[in-house]
Structure formats: structure tokens, C-alpha cells
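Asks: task: produce atomic coordinates for the following.
(chains A, B, C, D and E)
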Amino acid sequence: MVDSFRHAGQPLCPHPSAVAGLVVLSLLGLLALFAPVIAPYDPFALSGNAMLAPPGPDHWLGADQLGRDLLSRLLYGARISFHVAVLSVGFALGIGTLAGGIAGYVGGWIDQVVSRCVDVLFSIPDILLALAIMAALGPTLNHLVLAIGIVYTPIFARIARGAVLDLRHADYIEAARSIGSSPAAILYRHVLPGILGPLVVQTTLSFAFAILTEAALSFLGLGVEPDQPSWGILLNQGKDLMERAWWIAVFPGLAITLTVFCFNLVGDGLRDALDPRVRAEKRA
Amino acid sequence: MIFYIARRLLLAIPVLFGISLVAFALVRLVPGDTATVMLGMQYTEARGEQIRAEMGLDQPVPVQYAIWLSRALSGDLGQSGFTGQPVTRALRERLPVTLQLASSAVLFALVMALPLGMMAAVNRGRWPDHLAMTVGVAGLSVPNFWLGILLILLFARTLGWAPSGGFIHLFEDPVGNLRTMILPAFALGLAVAAVLIRTMRASMLDVLGQEYLRMARAKGCGPLRLYGVHAFRNALVPVLTVLGIQVGYLLGGSVVIESVFGLPGIGLLALEAIRNRDYVLLQGVIVFVGTAFLLINLTVDLLYAWVNPQIRYG
Amino acid sequence: MTRLHWIWCPAVFLVLAGCSRNADPVPVTERDAARSRTNELIVAIQSDAKTLDPHLATDAASMRVIENLYDTLLTYGSAYGTLEPGLARSWTLSDDGLTYTFQLRTNACFHHTGRPVLADDVVYSLDRMRSSGARSSVFAPVSSVTAPTPHTVIVTLTTPLASLLAHLAHPMSAVVDREQVGAGGLKRADGGSGPYALIEWKAQQYARLKAADTAPASLRPRVPFLTYRPLPDETARTTALRTGEVDLLLDVAGKDVQSLQQVPGIVVESQPGTFWEYIGLNCTRPPFDDIRVRQAVAWAVDRDLINQLVKFGRATVLDGGPIPPNHWAYAPFTMYPARNLERARALLAEAGLADGVDVELLVSSDFPYQVKAAEVIKQLLKDINLRVTVRAMESGVFFHALGQKDFTMTLVGWLGFVDPDEWLGLLFRSGALWNQQGYGNPEVDQLIEQGRSVTDRAKRQDIYRRAQEIVALEAPMVFLYVNERTSAHLADVKGFVNHPTVTTLSLRETWLDR
Amino acid sequence: MTRRSPREFEPEKSRPPALLSVDGLRVSLRSRTRMLPAVQEVSFSMQRGEILALVGESGCGKSLTAQALLGLVGKNSLGQVEGSIRFKDRELTDLSEREMRAIRGREIAWVSQDPMTSLNPVYPVGAQIAEVPWLHQLCRTRNQARGVAERWMDRVGIPDPALRARDYPFAFSGGMRQRLVISMGLSGEPDLIIADEPTTALDVTIQAQILDLLHDLRAQTGCAILLITHDLGVVAQWCDAAMVMYAGRIVEKAPVGELLANPTHPYTQNLLASVPTPGHRRPLQPIPGQAPALEDIPSRGCPFRERCALARAACEVHMPDLVGSAVHRVACWDREVKA
Amino acid sequence: MTEPLLVANHLSKTFDGGGLFRKRPGVRAVQDVSVKIHAGEAFGLVGESGCGKSTLARLLLRLLEPSAGTVHFNGVEITALRGDGLRSHRRMMQMVFQDPYASLNPRMSIHGILSEPLRAHAIPRAEWPARMMQMLDQVGLPQSILGRYPHELSGGQRQRVGIARALIVEPALIIADEPVAALDVSVQAQVLNLLLDLRKRLKLTLVFIAHDLPVVQYISDRVGVMLLGHLVEVADREALYREPLHPYTRMLLAAAPTLHAPVPGQPRRSVVPQGELPSPASPPPGCPFQSRCPLVQPACRRTMPDLIDVADGRTVACHAAKPGA
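Replies: Numbering: from 1, shown residues only, chains lettered A, B, ... in the order given. So this is what the prediction gives:
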């Protein structure tokens, strides 16, 4: 009874910060999508005159050592970041959910095998694992997607498995069984929608991690091809020129931070919005 | 309690085995091998074969694995193909740096996160909460290598307060050591602090809603006793779990941070091993880090039992 | 120390962070005895040494440590191109130019065993180099090395070899302690008799040397302790110098020269160096098996632009042959005066590639400036429809690929030392070890043979000029520029000489004015 | 310690000053848009040694009333407390948080609803009980406090108190935990115990044990007990007087015998008719509809009118006052008309 | 007496204790329970928490696999059915759950929830609207509720939805597991009356499970009392109230608070029960009630008494209990 009062004062609207994050992200997505139209310069075009040009009217965010326009490169870099994030997280989501879902639903030795595999992958720190995979495969965009995908697969497997296990004991699943629904119907009508929430949240958060990982790997030289304007590579190039041209290191870092920040905000917002516990509090 | 530890240890065995398998399989996928890298431009088939034979790389892969595993079990992780140094020795040389880096980062994260997370929960919805949550999200969003660069730029370059890289051993020059460690520890620890702030806040909120806390208030406990004694220890339980997981992040993140700050730790060793296609070393690093991660989690579990009596006796 | 039990307790270590210290063969007292900033010279190097075996080392970082540990028969003089006595106090050449006789000085001792360096050791070392070392090919014309007396070494050649003395003066042509080779190899040990002896090498942290007790007083260095600190990050290196953490930087990047010059208390010394960079084109593979395509690349490249963008204009553009202007064998001709796109396009059209072609450009990711140059080249070649994909690999794999001639196009550098043969003979003779381009021209081969056997400098100059003209025209390599060599040190570091090659032999004459 | 028969009820005016007297208590909770009145115009008083029941269904505001007495709401942004709470000649609403702290646990104790969650899982139970005398400086040393704790554990019927004091809460069954909570409440030797649904989570047989224990302790120590419950059976068996609460208001208040024999408010009547009695298959007469949620409580008029068979026009406009005899009061227009 | 609709023979269920290395003893939730339920009757099952009554309900419906024993429904051994056979059989026997919120999928509208059994049993789609309307009417819910979600409903409404879901495929048997435990008194009475009413109108057989003896007695014809996995007494409602045979039943009756206030000055009517039940994970040998039983005999500490018939339709499992005692 007391509990029904406790949260009566809590706001019921979705997080304004999450909405802001979503808006900024959509904007960034559009910028990335229309980079060829928006970018003021060819991101690869060299210019002796613009070498290390500071931010100004010609180059809003300055130019790099080879005289390439930083803004244009950032915009094209966003394409890489989003590309890697979407594909690798998609990969992880698909494979991880499938493996975890089956493990949780079927149980038994399949569950044991999947769980041990997940444990193993979890025990190797993600950057190290991704580095090793990249070293094994060689630095190309597709390999990067694969490496990051593999690294983030276990988290989805674990979440899917946990959610399925939770659901297996949910009263409403038992109710569906008692009604006489077939396992397929239960899977489709109850389990799948049930695990969607945590997966959506994790997907959003994983976008953030994937962008960070891509940048880190590229920064270490084991990411995409070196002439691609990936944010991590831009940062790496800016690092050595910090003193002469702070903008080369600062703006890509800001871009990464902003994007990841927004993904995190949206993820947090979604988590709160989809968490049955929080929802229950709000309902009361 | 002994059964609990024994159980955890036994469960770790298949995982350790899996780690060794993954490490072994991965490095076998790496194009080029130690022989080609060692010889570089002077590579000829004959000399390559000779080196491979010396290192046992001419055996079938499962045989190589069996040999390597049996040696690893007796504590011999082999010799670096590149420098000829025993892998265990290389790890031992590098371990103190990474250990110091990781533990400083954890320490920094805990010192920052526990009070902030607690303050946020207690003042839910007010400015300390907003501050903590902003730090909590921002800390997760700033790439640690960028932060490292900015820190170098600001503190080493502009202000000259700290060296911009390299490592000084603690016993050789404690002050110098501290100065070389402070920036990397901060850069590495911020994300961990962010995660811990969020966890601490969430678990503290959870605890604050618990009946025993209302009970404690009804007993006449003041805020200090209420939060510091009754709530804190309960709130610590999930924080510990997360901390164990974050150590994995630290071990991975140290690869990047050690590279930015030029700290000769395990992370840099891993990068060198990758660069030199040093099979044996890379394998050793992955297995070592995996083992360390498992052991740290075991330690966390023990701490867990200390915090949570139900596990201790259950 | 291969037991695993210490692996089992990292968690405990985590608490005792940093308290663990390494068991070390060298006692603490010796390691740290009386070392202070007044008697220790700290040199920042770009990367850690890979090996301490002089006969295997191919990278500059290793060489820098090695050259101070070992003696060579001859050494480079401080004036570029001159040679001075080393272990050999004198030498004679037979009239047929096939037999060299060296007289060794008697006061050299190996650090580790304290054994005097005898002729046998020289014979052993030369044989070791000839049979397996990284530079075995340069000694190919040597037929035998003998030691008739403990202090006399005779080197017999099959054909005259003008460059032999220069090769022997190369810092990696070191005389090594064969007992040490037998005891544990030289990869991580000091088997030398040079001015400095190794105290401790800690991977990625430092290599610490001290003035060798065994060296005669006249040859003993003036600074008692010499420490190399690997600082891979360019910014970290310059910062370390500014803050006085290190005394000497050996490789200052072009971008930092200007800013370092403005720092009071820091002395920057620059001069044209001998490290030059080029685009290697694989002559055995399409499309570069066609000379016109190679020439098209040579015409399409804007050397000045690359120099400006990548080297901050501090390199010297090579528009003719590869030998730099500061070398006596420099050939003052210009083959590719300026970028000429029309010509490049025309050449390509002739070769039937008017629509362009896709090629892969291999670079080593360990050298960021080469990656940058590759990016520029990619853009430049786009203008003639050569679509370049830049692929960066770790240096080990990269050099392996190069050695296997498994590439189409590459961008890499070559470090010249003293003799012109080191520029041309090693690179362009058919079948030469470093001729990855697979280039072959009988005339060039013949010129190179000639250049080796003729001892007269003026004649050699002509021979090499001719060879350079042919090579530049046929363009197995597109020469880009030769780098400036710049070092920077604190003002109280005195007596250091910035040498055009990588050597730092002058460290033994350097002193600290503190 | 005065021993008075619990059944002895005198007219209020001639009685000695009340232990607790609440007058016009209002508790409002902050929502996003406005303050929601969760408890309104609650007035009552308690004598020493009395067991007073506060009965109502979930959400009626009974727990909130109890928390307001302890000052556990209102001192933060979530709620607001108005009205007067006089306890032993002190006005609790005027006291600072620090002064309230000295009262909580020492003079007014709280026994909470769910014994499974009201003990801190990470500390031994003995220490948690000893905390009360220690905090309120009833003992000079921690050892003494421990002794006090063990004595109280013994008194509430926990075997081997010295041994079990070192156990953690999870080692006790639900019934035992509730005994521990009670001993925790009593170890401060309070004058008033507020027991918030102390047996809801327990089985009936254990419920009987716990209520019996409370009853005995009341007899031994003379403390007053405010028992909050939704179970009319519990009220009937163990309480002296009862107040029926609906939607934040007290609608009827009477000694238990009187209330059961002569329920007057339609809600009380309905409530009694909703409870099955063993042995009789008297058809239950449920109340139609459901109690309004906090946000839906009408701002004026009687909140029960929607479900009331006797509702009339007046009920729409004004909330009737709690009127009647000194012992039996009821808030209903129907009653006023009849009276 | 009519033919039994549901017959359980020697049902037992042991839950695995788990534990990878030390096999912990399993919890014997239901032990050797035999019961017959006749068509059209309302059978009540009462017992304190952890006595295994919910497990028994799930065994009867075969939502759980029994460790031993059989269940026959309408003469068919449902413990032997598999897959589709079992699923189609479920149409005849439905369950109403304790927690009306947890047993309704929060992501489904009421329409979705009610259509699930119709879909599962292949009721032609054309019939759905009529059936739903009729069902809502039966349980007293407005039609407007179809578009709403469980969290928008009150507890009582949710339980009505739960009942409607069970009844919509016209089963013969309803097993209601503590359907009113989570509800307020006034709403509880509504739901109890609704169940009674539906039972009468639809000629349902009802198994009603609760911990509250007065509630069970109110709704049932016959009552079974469970104690730590055992069925210890079965009797008609009246008989059970008049003359409880098992000492545990007596204790339950005594402990249930009634609305009769004790007369001032006199001791309260009830005898306060003593002691607590042993843990279900490690019960002592013999009768689980021995620790609290006023009539405990040496035999009680050795063997669990059998459930024996003592009179017409009355069974009890106690060494000490004698009818009329």
C-alpha cells in the first residue's frame, strides 16, 4: 500500500534527454547519409595551400596535414562509424539472440555449450579480442564489422538467454501453456515480444560501444584501411599534430563523444521506458 | 563456503580451456607467421622451414596445441618466437605496469563513484543526481584514448605537470612513478567510474526503497548511519558484480591506454605480439589475461560472500 | 622462473599494485650505482630495439644501441664519407686489389668475458656475417678471412671490391664474442667490446649502458651512463625533451623542427641525411611490367607537394637519381623536373591503359609518414586514372611481402650509409637481395660490377651517374626525396655530432656540461 | 506502569491526557501536476495500553497515516503533512528531524509489514536489535546493548537467543523474523508501537502466534499499539477499538464490540458482509465497483458515494463530519439524517 | 454420487535440489496424493504456504510432470498424453491463476489475451466476436475493455479477464489457484460470488485452492486439507467445520480470525497454535505435524499415517484422530 504511493510523484513522460539524444542522432544519421551532398569538399582532395589550415571561413573545422577539409572528412567518417555500428551490432544481435534464445528455451547440454562459449568470449577483454581477430583477418572494413560483431555477440546471447529463462517461468507463459497454446505460438506471441525490450536497449547501447571500438581499433591501426576518414584514424593522425593543429585531434574526438553520448542517452531512456519494473512504478 | 569456492574454481576450468582454444585458434589464423616476420626480406623457404622446425610450427596444428597445452599446464607458456624470451618472463616483466595502471584506475573509479552514486540516489532528481548521471553517461561516452590525448596536451604539454609517457618503476622513483601513472589511470578509470556511478546509484535507489531502510529510520537512525551503515553495504553487492566485469574492460582498455601513454604493460605487449606476429607470445597474453579476468571475478565472488552473508553460509 | 604459480595471484597483486618487482640478475647496487642526471645521458628513441645481435639487426633502433656496444674494424669519420681506424689500427691493400691486411689494436677486450679481442674473433665474426647475417650479400666477393697472427687479419677477395672498407665500417659489421654467441646468443646479450657495456635492457622501458671498464682510457666515453628510452609517440618524445626528461632526440619529425628551435635551452641540428624514400613498382607484375606505366607514375607524382605535405618541405626532392647531394657520388641531373600529367596520360594511353587500372599500394603501418605519403600518392595518381588502394601492414608482414616480391606497388625508404654501392648495388642489380622490384638491366648490372671493382673515386662517380640515369629513366622505383636528419638535444649536452646516416658514434665524445 | 483493563472505556473528556492525539491530520503527496490529498482530516487519540486498529483496504491511506505519525513523510519533497500530532504533551509536527529521531524507536516504535524484508540482510539480527538501545543511549556499552537485545529476543520467544543473535535474517523463518522485528520495536521500551499489517505476509497459524505475542507484550509493558490491518477478523479478535478508513478519511470509529455488533457506516457494513464466515454459507454481499485510486479521489463530497447504496444529493457536495457518541462516531449523511 | 471427472492416483512431485557437485535433497512438494473430483462439484484445497497445493494443481493439469502417479480426466490418462493430444485435451480443463497481473501478458490487449485460447483450439474466427462478447458479459466486464491492456485495469477486473480466458473455450473443469489472494476484501467477495455464479450457470467442476479456510469453505462442497505435501483430510464442507478430525485442521480453524469479538474479560476463544512447521526441504521422518501437534504419539515420529476412510466421503490421515473424538 505504501509502495503504491511512493512513486506517485515521479514524472510519467519519457526522458527529455533521451528524446534530445534521438534528435541529435537522427541529425547525425542524416548528415552521414547525405554527406556527399553536404560535405563542402571532397574528403580526399589534397591542397598544399590548406595544409594545417585552422578553423575558419574556408574550412569550418580546419584542415589536416594533407590539406583535406576536416568537416568533410568527419562527415564521411560518420558514414564509416554508422556503417560499422549498424552491421556489426546487427550481426551480433542476430547470432547472439539466436544462440542465446535457443540455449535458454531448449536448455540442457545445448545451453551448457552456448553458455560456456559465451563465458569464454566474455573472459577475453573485448578490445583484445577484436585486436586479435583484426590481426588475424587484416584491416578492412568488412573484417572490422565481423570482428566487432563477434565481440558483441556474447552479450546478446546472454541477454536473450536470461530473458528467455525469465520468461519461461513467467506466469503468463504458464497460462498460455495451460490454455493449450502450442510451443510455436508461445514463442511467437509471448517469448519474442518479451525479449524484444532488453534487446532493443542492448542494441542501442551496443551501437555506442561499437562506435567506440571501431574508433579504438582504427586508432591503433588495426581498423579500417588507413586512408579512410574513420574517426579513430583522424584522431590518430591528429595526435601527432596536437601542438600545431589541435583541431585535428579535438573535433573527431568530439564527434565520437557526441555520438556515443547520444546513443547512451537513448539507450538509458529506452531501458527506463521498457523496464517492466520502472513501468510498474509509473503505473502505480 | 569452501564448496562455493571449489565450485567456482571447477566451473572456471572449461572456460580456461576454451580461452586457450580460442587463443590458439585465433593466432593460427593470423597471416604470416613468426618465421616470416623474423626473417622479413631475408625470408627463404629453407630458412623459414628451419625456424619453424625449431619452434615446432611444422607439426600439425592439433599436435602443436596439445604440446603447448601440456607445457602451459606445467607453467611453461613457451618462448617468444621473436625475442626468444620465455613468455612467462615477458609477462612477469610487464605485469607490474598493467597491475599498477589497472588498480590505480579501479581505485580512482571507486573513490569517485561510490560517494557520487550514493549522493545521486539520496538526492534523486536534484542537482547532485543530475551531476552524477551526467558524469555517468559522459564518462562512458568519451573515448579513453582521446581523453588520454587531451590529458597529455593539457597536463603534460601545456602545464608540464606530468610526463607525457613512459614508465618509471615504483621503487626507482616513487614520485616519478606516481606522476607517470596519474594521467593514464584517470583516462582508463573514468569509464569504469561512470559505470560504477550508475550501478551505485541504481542499487542505492533500490536499497533506499527497501523495507529495512524504513525500519532503520523508524528505529531513529540518522542519515549517516542510515546511508553509511544500513544502505551502503547492501548497495555494494551489485556494484561488486559490475566491478568484476569492468576489470575485463580495464584489461582491454589498458591496451589502448598503454599505447597512448607508452606504458610498457601487458597491453602494449599484446600489440607488440600482434605486430611481430609472435604467436606464442600473443597466445600467452590472451590466456594470461583471460585467466586473470577469471581469477579477479573469483575474488569478486569472495568479496561478494563477505558482503552478502547469505552466500557465506548458503 | 617458468613456474606458473605467480600467474595465479594477479588478483592479490592488484591490491599490492606496483609492489611486485622483478627478480633480476643484475644487483641493484650496480644498476643504480651513482647514476644521476649529471652523469647519465638519456637518449629517446623511436621504438625499442628489436634485437641486440648486430648481424641480425635491420632496424635503426636496434642499431643505435648496438653500435655503442660493439667495435668494428673501421669506423665512420665525423666528416661524411670518411673512414677512420676502429679495431684495426692500420690496413693495407695488395696491388691486385684482392687482399686486405688489417693490424688490430691490442687493448680491446670483450665486456662480458674480459677476453682480449683477437684476430680469431674477427675471422669468426666476418664468417658469421658472410654465412647468415642480414648483410651477407655485401660480402659476397670475399673468398676467405684468415688470422695468421693474433693481431693480423687477412681478407681475400675474388674480385676487387671498392666498397669493402665502407662495408666493414658499417656499425653492424661488428666483431662479436663467440663465447657469448655459444652461451646464449646475442639477441638480448652484450657480446661486444665497444665503448659502452650493457647493464640492463628492459623491453619497452629502457636499455641502460655504462662506460665499459674494459675499454682503454683513451677510448672510454666521457659520459659514464647512457640510457636509451623508447618513446614511440612523437609528441611524447618532444615533450620529454622539453621537460628535460631526456637529453637527446635522434629523429625529430619535420613538423616539430620549427617549434623545437624556438625553445630556449634546446639545440636543434639539421643536415641532409641519407634516408630516402621511393615508390617501388614491381616490374614483374602488370601493370608495372610495362616501362611506360612506371614512367607515367614517375611523371604523375608531384614530389614537391608530397614533400610539402608530408615532410613539411624539409626533405630534398630527388628528381634525378637516388644518391643525395651531400654524397660524393651525387649525380646532378634532372629526370622528372615537375609533375607532367599530359605526359603521364600519354604514356598510359600508349600502354593501353587510358581507362586506368586498379593497383594496391602496400605500406608499413609502423611508419605513419609513409602511410600519409601513400595517401597523397593515391590522390595524385587518381588524376591519371590509376586507382590506388592503400593497404597498411605491420612492418614484419610488410617486409616479408616485399621480400617475397608479393606486391604491386609499395612506398618505403632506404637508408644509405657511405658507399654508393649501398645505394645501387644492393637495390638494382639483377637478383640482388633487396631488389624487390624485380628490376633487371644488363647494363646496370655491368655498371654496378664496374663500380665495385674500380677504386678510383672520379671513375666511380661517372659509372654511378650512368647507372642512376638508367634506373631513373626505367623507373623500377620512383624516387621521391631524401630526408633531412635532425637531432635535438639539451643545450648542456656538448660534443654530439649529428651524422647524416643513423650512426651516433659521436656519443663517446659527448659530455654533459652540468 | 498503570494496569488498566483494555476494555474499560470512559468518556474521553474525563480520561487522563491521551498518549497520542491526532487532530486534523492531512497528508498530501506530490504528483507531477498537483498535490494529491492521500490522508484527510484524520483525528483520533490513543490511551496508554490501548490497542487501536486502523482498518481499510489497500490504498486507503492507513500506512501513510502511520508514517506521518513517525515523521517519515513530509520532511522531504514527496509529501506534505498538516495538522497536529500531539504525543505526550509534545507537538510532533513542530519537532526538528533530530528531535524526531530521538523519539523514533525510543518512544514510538514501528513494526513493519513484511518481516522478510524489514531486517537488513547483511547484519546479524542481534546487532540490529541492539542498535536501538545503543542509538538511544539506553545502554552505556555495546555489550550491554547486546544483552538487552538477547533479553528481548528471549521475551518474544526466540529459543537460544545468545546463539541466534549472531545469525543473519535469512536463517529465520517468516514467523521468527516477525518476532525479531517486534523485539526490535520493543527493545527501545516505547510507549507506542505502530504495527503496520504485521501479519499480512504470514500464515494464519503464525498470525495468531504473532498477534498473541503482541497482546501479551502490551499486557506486560503497558505500551499502546496502533495496529494497521485490512483484516476485520484480526480487528475482532485482538483489538480494543477500531477506525475504518476509506479513501484517506476515517469513516467510522468505535470500540470493536460495538463496531461488529452495530456497524453504522455503509462501507463498514459492506465490508463486514464481504468476509466469509466459516460454517455459514451466508451469501457475501460485495461492494460494487472499486476504491478510487489516489488521483481519482473526488475533491469534494463523500468518496464512497459511487459505491454506496444510500448515496444522496448531499453526498455529492460535502464530506460529512465524523459525529456520534463519544465512543461511536461515523461520517455519513445517512446517519446524520437518521440521528 | 456421479462418476469422478478427475482422478489422481498416488501423485508425487519432487523438485530437484540442484547443485552441481553436492546433490542437495530434492523438495518433495507433493507426496502420494490421491483424490477424486466429481463432475459438477466444487472441491476446495486449503493449506498454508509451501504445502504443495499449487504444485498439486499444476500436476492435475499436467503443467508439471509428476515424479510418480497418474491423473485421469474423463477416463483418459492425461499423464500419458503428449503434444497435440495433450493440448487439445487442455480445452476441457483450464486454470485461473493467483496473480492476475503476472498471468496476463502485459504486452497484449485484452482482445489478444482472450483470443489466445480460441486460436489455440482452432475455434473458427467468425465465432470469436460472439464468444468474447458473451464471455465478457458473463464475467461482468464492459465490452470497451477489449482494447485495453492489463495494466490499465484494476485487480478485480484483471482477475475477471483471467476467468474469462479460462472459460471462453467452455471447459468442463476449472482449477483456480488462489484466485482471490491478491485482492482486497470487497473485490474478493465480488470474484467469489462470480465464481459461484458461473459454476452454477455453466455447470462447471471447480477446484478451488486457497490458504484461507473461510474462503474455501464458502465456495466448496468438499474440502481437502494439505500439509507439507500430504493430503491429510478430506471432508464435506459442513462436516469439516462441525467436526474437524485432523488436529491440523482444527488448528487452522481455530487460528482463522472470525468476526466475533471476544467477550470483555474472558479469554479469547482461540487456542493459539504453537510451533512452526518443519522446512519442506528436510522434513523429519513420520508425520510433518508432529512438532505442533497436541495429540502427538510415538508412532507419529516414525511413520506418516495413511489417508483412511473414516466415514462416508470422509478421509483423514492421522494416528490419533478418531471420528467423534
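Asks: just the helices in the stretch 101-250 of chain D please.
Replies: For the stretch 101-250 of chain D, the helices defined by DSSP state H, counting those that start in this stretch cover D:125-135, D:142-155, D:161-164, D:174-186, D:204-221, D:232-238.
Asks: what do you get for the stretch 101-250 of chain C?
Replies: C:119-131, C:164-169, C:178-184, C:234-242.
Asks: contacting residues for residue 261?
Replies: All of this refers to chain A. Counting by Cβ atoms under 8 Å, 6 or more residues apart in numbering or on different chains, A:Phe261 touches A:21, B:137-138, B:141. Using the backbone N, CA and C atoms, a C-beta is placed for each residue, glycine as well.
Asks: please go with chain C instead
Replies: Applying Cβ under 8 Å, 6+ apart, the residues contacting C:Gln261 are C:Val268.
Asks: chain A versus D:Pro286, what's the distance?
Replies: D:Pro286 sits 20 Å away from chain A, going by Cβ to the nearest Cβ, to the nearest Å.
Asks: now do the contacts for that residue.
Replies: D:270, D:274, E:186-187, E:189-190, E:192-193.
Asks: check what pLDDT C:Thr29 gets.
Replies: In this model, C:Thr29 is scored at 39, pLDDT.
Asks: just how off-centre is whichever strand or helix holds C:Asp256 within its chain?
Replies: Assigned by DSSP states H and E, C:Asp256 belongs to helix C:254-261. The chain centre lies 23 Å from the centre of helix C:254-261; the measure is Cα atoms, centre = their mean, to the nearest Å.
Asks: heading C-terminal from it, find the next helix or strand.
Replies: Moving toward the C-terminus from helix C:254-261, the next element (DSSP H and E) is strand C:266-281.
Asks: quick one: strands adjacent to that next one?
Replies: Applying DSSP bridges, strand C:266-281 is found paired with strand C:409-415 (antiparallel), strand C:477-490 (antiparallel).
Asks: ok, back up a step: any chance of the helices of the stretch 101-250 of chain C in JSON lines, with mean pLDDT and distance to A:Ile155 too?
Replies: Written out in JSON lines, the entries for the helices of the stretch 101-250 of chain C read as follows (pLDDT from 0 to 100; distance: least, Cβ to Cβ, whole Å):
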{"stretch": "helix C:119-131", "mean pLDDT": "92", "distance to A:Ile155": "54"}
{"stretch": "helix C:164-169", "mean pLDDT": "91", "distance to A:Ile155": "59"}
{"stretch": "helix C:178-184", "mean pLDDT": "85", "distance to A:Ile155": "47"}
{"stretch": "helix C:234-242", "mean pLDDT": "81", "distance to A:Ile155": "35"}
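Asks: now for the ones you listed, which one comes closest to C:Arg429?
Replies: Nearest to C:Arg429, of all the helices of the stretch 101-250 of chain C, is helix C:164-169, at 15.2 Å by Cβ to Cβ.
Asks: check which residues of that closest one are buried.
Replies: Neighbour-count burial for helix C:164-169 flags C:164-169 (criterion: 16 or more other Cβ atoms under 10 Å in any protein chain shown).
Asks: of the strands paired with strand C:266-281, which is nearest D:Asp196?
Replies: Closest among those, using Cβ to Cβ: strand C:477-490, at 76.8 Å.
Asks: for the record, mean pLDDT for that closest one?
Replies: In the prediction, strand C:477-490 has an average pLDDT of 93.
Asks: buried set for that strand?
Replies: Residues of strand C:477-490 classed as buried by neighbour count (16+ other Cβ under 10 Å): C:477-490.
Asks: next, the angle from that strand to helix C:254-261.
Replies: 20 degrees (axes from the mean of the first three to the mean of the last three Cα atoms, to 10 degrees).
Asks: okay, strand C:477-490 in CSV with CA atoms only?
Replies: C-alpha atoms of strand C:477-490 as CSV (Å, rounded to 0.1, in the frame of the first residue of the first chain):
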residue,chain,number,x,y,z
MET,C,477,61.5,3.0,-58.3
VAL,C,478,60.0,6.4,-58.4
PHE,C,479,62.4,8.4,-56.2
LEU,C,480,60.7,10.9,-54.0
TYR,C,481,63.0,12.7,-51.6
VAL,C,482,65.8,12.2,-49.2
ASN,C,483,65.1,13.1,-45.7
GLU,C,484,66.8,15.6,-43.5
ARG,C,485,68.4,14.2,-40.5
THR,C,486,67.6,16.3,-37.4
SER,C,487,68.6,15.7,-33.9
ALA,C,488,67.8,17.9,-30.9
HIS,C,489,69.3,18.0,-27.5
LEU,C,490,69.5,20.0,-24.4
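Asks: next secondary structure after that strand?
Replies: strand C:493-494.
Asks: sheet partners, orientation included, of that next one?
Replies: Going by DSSP bridges, the partners of strand C:493-494 are strand C:511-512 (antiparallel).
Asks: quick one: contacts of the partner strand?
Replies: Strand C:511-512 is contacted from outside by C:38-39, C:41, C:222-223, C:247, C:492-495, using Cβ under 8 Å, 6+ apart.
Asks: I'd like those residues written out as a markdown table, with distance to A:Asn142 and neighbour count added.
Replies: What follows is those, written out as a markdown table (distance: Cβ to Cβ, whole Å; neighbours: other Cβ atoms under 10 Å in any protein chain shown):
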| residue | distance to A:Asn142 | neighbour count |
| --- | --- | --- |
| C:Thr38 | 57 | 13 |
| C:Asn39 | 56 | 16 |
| C:Leu41 | 49 | 25 |
| C:Arg222 | 57 | 16 |
| C:Val223 | 53 | 22 |
| C:Asp247 | 47 | 25 |
| C:Asp492 | 54 | 14 |
| C:Val493 | 50 | 23 |
| C:Lys494 | 56 | 14 |
| C:Gly495 | 55 | 14 |
